[in-house]
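**Q** fold the following, please.
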Amino acid sequence: MFSIRKLGAIGRTYRHLNRYHRILRVLFKYGFDDLVDRLHIDQYLESGLRMINRKPREQIARLSRPERLRLVFEELGPTFIKLGQLLSTRPDFIPADYLDELAKLQDKIPPFSYEEVCTIFAEEMGKSPEQVYRYFDSTPLAAASIGQVHRAVLHGGEEVVVKVQRPQIENIIAVDLEILAHIAELMEQYLEEVQGHRPSSIVHEFARSLSREIDFSIELTNIERFRLQFEHNDTVHIPLVYPQLSSERLLVMEYIDGIKCSDVGKLTASGADLPLLAERGAVLVMEQIFVHGFFHADPHPGNIFILPGNVVCFIDFGQMGRLSIKDREDFTDLVLSLVAGDERKATRGLLNVTLQHGEIDQALLAGDLGDMMDMYLYRPLGELEAGKILQDILNLVSRHKLSIKPGLYLMMKALATVEGVGLVLDPHLQLINLAKPFMRKIQYGRMQPDRVMNEMSHTAASYLQFFKEMPEEVLAISRQLRSGKIKMEFEHRGVQSLGVALDRVSNRVSFAIVLAALVIGSSLIVLSDIPPRWHGIPIIGLVGFVVAGVMGFWLLLSIIRHGKM
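**A** Numbers count the residues shown, from 1 in each chain. Alright, predicted model coming up:
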């Protein structure tokens with residue numbers, strides 16, 4: 001995983017300052033100078049900020065703020081594109097109009113050269129692509145922010161695709177993540193409206209996600225695990241992988257010659273059963289979620305192909321979701337209590353699937369849940385859309401300053417996405433109806449005798465261990481009390497901004513002292529009439545006055561710019 005260090009400790013290196021200035025230039029270009037000012041970034045990066053043009057061009061200024069934010073992410077490259085895609089699934093953090101705009105983000109990254117591909121092969125395999133494969137297409141099939149894909153043929157005749165990681169992408173992402181972590185800390189410090197959402201935790205969640213996505217050996221493991229889940233299911237096909245030809249930066253898998261699930265025209269022409277495919281795809285995703293707890297987190301149309309015989313094939317396993325049994329049970333309890341119209345259980349269920357960052361008004365939450373249930377409870381099942389209900393849950397969570405657990409976010413996104421794909425194939429698809437058997441199975445599963453016995457034995461073992469260790473722990477604490485070795489740690493918040501302010505004050509005082517010394521020294525030189533002279537005035541003294549004037553003007557501008565006289 002990427003190591004996110006505090007920018008204050010290492011951020012004055014060239015690579016960080018150069019990239020930070022680039023980010024600020026783009027923010028200014030698209031009219032986000034107010035955000036930069038509110039975050040007080042200039043306290044940390046005095047150098048060069050005065051030279052940046054803060055006025056956006058007229059055609060950019062006409063765009064809406066969400067549109068300009070999307071353009072910022074696109075221009076800043078891979079890390080920010082991925083961040084925007086993550087934020088587009090976080091209605092608890094950003095408004096709906098921003099969600100819709102960020103959902104349009106695509107990896108518009110040009111491919112890298114074949115020479116760089118050969119360099120990566122030499123570093124990873126010790127050979128060129130031509131030595132490893134019978135045929136290797138130097139022109140990529142597709143290029144994205146993390147890597148690009150080439151077609152190839154093995155010496156045994158098997159057609160494959162080779163995913164090659166983008167050069168230096170790990171270093172680029174590492175620098176961007178450290179800067180994003182710093183910006184997140186500033187947001188928590190200065191933007192009251194986002195403090196309850198903990199932007200720093202979102203950046204760390206994002207770093208974990210990118211760490212898994214950028215390591216192709218993890219994706220290979222994901223594919224193999226996915227295949228084991230469905231090894232006896234002939235309605236789904238998982239691409240073969242070639243571990244001996246793969247590494248952290250190379251991934252080789254079977255070439256899939258299928259039809260995109262959203263291409264209704266081609267599917268109809270091929271004789272595919274569209275309603276069957278819609279149901280089959282939805283059931284497969286729900287089996288991944290509710291049975292195995294390991295699921296494809298990005299089942300959009302480009303990642304699902306249809307093979308002959310109405311066989312569904314998933315590709316691109318870089319983003320996978322994981323759910324514990326407890327998470328699955330908590331989500332099931334929430335959905336079933338909503339369907340049953342049980343306001344009290346629904347409130348408790350919602351609190352079980354969310355993270356709370358302060359006091360929650362449970363009465364108000366229950367009332368809002370009741371209002372939401374009234375919207376759906378008495379409508380025919382065929383009129384209900386799971387995606388709409390999940391979106392309403394996310395909006396409600398956002399209003400009450402809660403946040404859904406990360407794994408459950410991915411699950412809800414996957415369900416909404418697969419429902420959207422399914423409705424294209426079959427407008428009569430009822431995802432909620434298809435989900436009921438899986439949820440009932442989870443509900444009944446916790447009542448199985450062996451499950452109950454396992455939980456009871458685990459609880460008994462935990463209590464036994466606690467009572468066994470408690471005397472030793474109490475004795476250790478009493479010894480530390482007697483010897484005066486008990487330590488208490490305090491976390492000081494806001495000290496960083498105080499330190500920056502003190503640095504600025506001390507710098508200005510030093511600046512003023514030097515300025516005063518220049519004025520006094522220059523005055524003494526003029527009075528002493530020390531040559532050389534210009535128009536009867538000693539030149540050295542005159543130069544001192546000019547330098548003092550420039551320094552004084554600079555100090556005055558700095559004070560006015562920060563709004564402190």
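**Q** got the domain ranges for this protein?
**A** As given by automatic domain parsing, the domain ranges for the chain are 7-106+176-201, 110-165+215-255, 259-447, 450-485, 495-561.
**Q** list just the one of these that sits closest to residue 207.
**A** Shortest distance between residue 207 and the domains of the chain, using Cβ to Cβ, is found for domain 7-106+176-201: 5.2 Å. (C-beta placed from N, C-alpha, C; glycine too.)
**Q** quick revisit: can you redo the domains of the chain as TSV with distance to residue 208, mean neighbour count and mean pLDDT?
**A** Shown next, in TSV, are the domains of the chain (distance: least, Cβ to Cβ, whole Å; neighbours: other Cβ atoms under 10 Å; pLDDT from 0 to 100):
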stretch	distance to residue 208	mean neighbour count	mean pLDDT
domain 7-106+176-201	11	17	78
domain 110-165+215-255	11	17	95
domain 259-447	9	18	87
domain 450-485	28	10	74
domain 495-561	24	13	71
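**Q** including distance to residue 209, could those domains go into CSV?
**A** Shown next, in CSV, are these (distance: least, Cβ to Cβ, whole Å):
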stretch, distance to residue 209
domain 7-106+176-201, 7
domain 110-165+215-255, 11
domain 259-447, 7
domain 450-485, 31
domain 495-561, 27
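**Q** the closest residue to residue 235 other than its chain neighbours sits in which helix or strand?
**A** Excluding the flanking residues, the one nearest residue 235 by Cβ to Cβ, 6 or more residues apart in numbering is residue 280, at 5.5 Å. Per DSSP states H and E, residue 280 falls inside helix 274-286.
**Q** for that helix, packing partners?
**A** Using 3 or more Cβ pairs under 8 Å, 6 or more residues apart in numbering; DSSP states H and E as the contact test, the elements touching helix 274-286 are helix 264-269, strand 311-314, helix 406-425, helix 431-445.
**Q** try 7 Å this time
**A** Applying 3 or more Cβ pairs under 7 Å, 6 or more residues apart in numbering; DSSP states H and E, we find helix 274-286 packed against strand 311-314, helix 406-425, helix 431-445.
**Q** related to what we said a few turns ago, surely the residue nearest to residue 235 touches residue 236?
**A** No: assessed by Cβ atoms under 7 Å, residue 280 is found out of contact with residue 236, at 8.1 Å.
**Q** so which of the helices and strands packed on helix 274-286 gets nearest residue 510?
**A** Of all the helices and strands packed on helix 274-286, helix 406-425 sits nearest to residue 510, with 47.2 Å by Cβ to Cβ.
**Q** which residues does the closest one contact?
**A** The contact list for helix 406-425, computed with Cβ atoms under 7 Å, 6 or more residues apart in numbering, reads 89, 205, 261-262, 264, 274, 277-278, 281-282, 285, 289, 295-297, 299-301, 304, 321-323, 327, 331, 353, 385-387, 390, 429, 431.
**Q** in helices only, show me those.
**A** Among the contacts of helix 406-425, the members falling in helices (DSSP state H) are 205, 264, 274, 277-278, 281-282, 285, 327, 331, 386-387, 390, 431.
**Q** the nearest residue to residue 142 once chain neighbours are set aside bridge partners, please.
**A** Leaving out its chain neighbours, the residue that sits closest to residue 142 by Cβ to Cβ, 6+ apart is residue 149, at 5.1 Å. Counting by DSSP bridges, residue 149 is bridged to residue 142, residue 163.
**Q** for residue 149, which residues are in contact?
**A** Contacts of residue 149 (Cβ under 7 Å, 6+ apart): 140-142, 161-163.
**Q** now do 10 Å
**A** By Cβ atoms under 10 Å, 6 or more residues apart in numbering, the residues touching residue 149 are 111, 137, 140-143, 161-164, 251, 253, 255, 316.
**Q** in the stretch 451-565 of the chain, which spans are strands?
**A** For the stretch 451-565 of the chain, the strands defined by DSSP state E, counting those that start in this stretch cover 533-534, 537-538.
**Q** okay if I get these as a markdown table plus distance to residue 364?
**A** Below are the strands of the stretch 451-565 of the chain laid out as a markdown table (distance: least, Cβ to Cβ, whole Å):
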| stretch | distance to residue 364 |
| --- | --- |
| strand 533-534 | 78 |
| strand 537-538 | 76 |
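**Q** for residue 446, find the nearest of those strands.
**A** Nearest to residue 446 among the strands of the stretch 451-565 of the chain is strand 537-538 (93.0 Å), distances taken as Cβ to Cβ.
**Q** residues contacting the closest one, please?
**A** In contact with strand 537-538 (Cβ under 10 Å, 6+ apart) are residues 522, 525-532, 544-545.
**Q** and the residues you listed, which is closest to residue 364?
**A** Residue 364 lies nearest to residue 545 out of the contacts of strand 537-538, by Cβ to Cβ, at 67.3 Å.
**Q** wait, that closest one touches residue 520, no?
**A** No: with contact defined as Cβ atoms under 10 Å, residue 545 does not reach residue 520; the gap is 11.1 Å.
**Q** follow-up on the earlier one: hey, C-alpha coordinates of the helix holding residue 280 in CSV?
**A** C-alpha atoms of helix 274-286 as CSV (Å, rounded to 0.1, in the frame of the first residue of the first chain):
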residue,chain,number,x,y,z
LEU,A,274,-32.1,-10.8,-23.6
PRO,A,275,-34.5,-11.3,-20.6
LEU,A,276,-32.5,-14.4,-19.6
LEU,A,277,-29.3,-12.5,-19.8
ALA,A,278,-30.6,-9.7,-17.7
GLU,A,279,-31.8,-12.1,-15.0
ARG,A,280,-28.6,-14.2,-15.2
GLY,A,281,-26.3,-11.2,-14.8
ALA,A,282,-28.3,-9.9,-11.8
VAL,A,283,-28.3,-13.3,-10.1
LEU,A,284,-24.6,-13.7,-10.6
VAL,A,285,-23.8,-10.4,-9.0
MET,A,286,-26.1,-11.1,-6.1
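**Q** next, the angle helix 406-425 makes with that helix.
**A** Calculated by axes from the mean of the first three to the mean of the last three Cα atoms, to 10 degrees, helix 274-286 forms an angle of 180 degrees with helix 406-425.
**Q** tell me, what residue is most central in this structure?
**A** For the chain, residue 206 is the residue whose C-alpha lies nearest the centre (Cα atoms, centre = their mean; 3.1 Å).
**Q** that one and residue 93 touch, don't they?
**A** No: using Cβ under 10 Å, residue 206 is not in contact with residue 93, being 11.6 Å away.
**Q** anything in contact with each of the two?
**A** Both residue 206 and residue 93 are contacted by 86-87, under the criterion Cβ under 10 Å, 6+ apart.
**Q** quick check: neighbours shared by residue 280 and residue 236?
**A** With Cβ under 10 Å, 6+ apart, residue 280 and residue 236 have common neighbours 311-312.
**Q** next up, the contacts around residue 478.
**A** Contacts of residue 478 by Cβ under 10 Å, 6+ apart: none found.
**Q** tell me the residue furthest from the middle of this structure?
**A** Centroid-distance maximum for the chain: residue 536 at 68.5 Å, with Cα atoms, centre = their mean.
**Q** so how far is residue 263 from it?
**A** Using Cβ to Cβ, to the nearest Å, we find residue 536 at a distance of 89 Å from residue 263.
**Q** ok, residue 176 next?
**A** According to Cβ to Cβ, residue 176 stands 35 Å off from residue 263.
**Q** ok, residue 304 next?
**A** 11 Å.
**Q** what's the farthest-apart pair in the contacts of strand 537-538?
**A** Farthest pair in the contacts of strand 537-538 (Cβ to Cβ) is 531 and 545. Separation: 16.9 Å.
**Q** residues making contact with stretch 460-468?
**A** Applying Cβ under 10 Å, 6+ apart, the external contacts of stretch 460-468 come out as residue 473.
**Q** could you grab the helix/strand/coil label for residue 105?
**A** Secondary structure assignment for residue 105 (DSSP: H, G, I helix; E, B strand; the rest coil): coil.
**Q** for it, which non-adjacent residue is spatially closest?
**A** Residue 105 sits nearest to residue 84 (Cβ to Cβ, 6+ apart), 4.5 Å away.
**Q** the one you found belongs to a helix?
**A** Yes: judged by three-state DSSP, residue 84 forms part of a helix.
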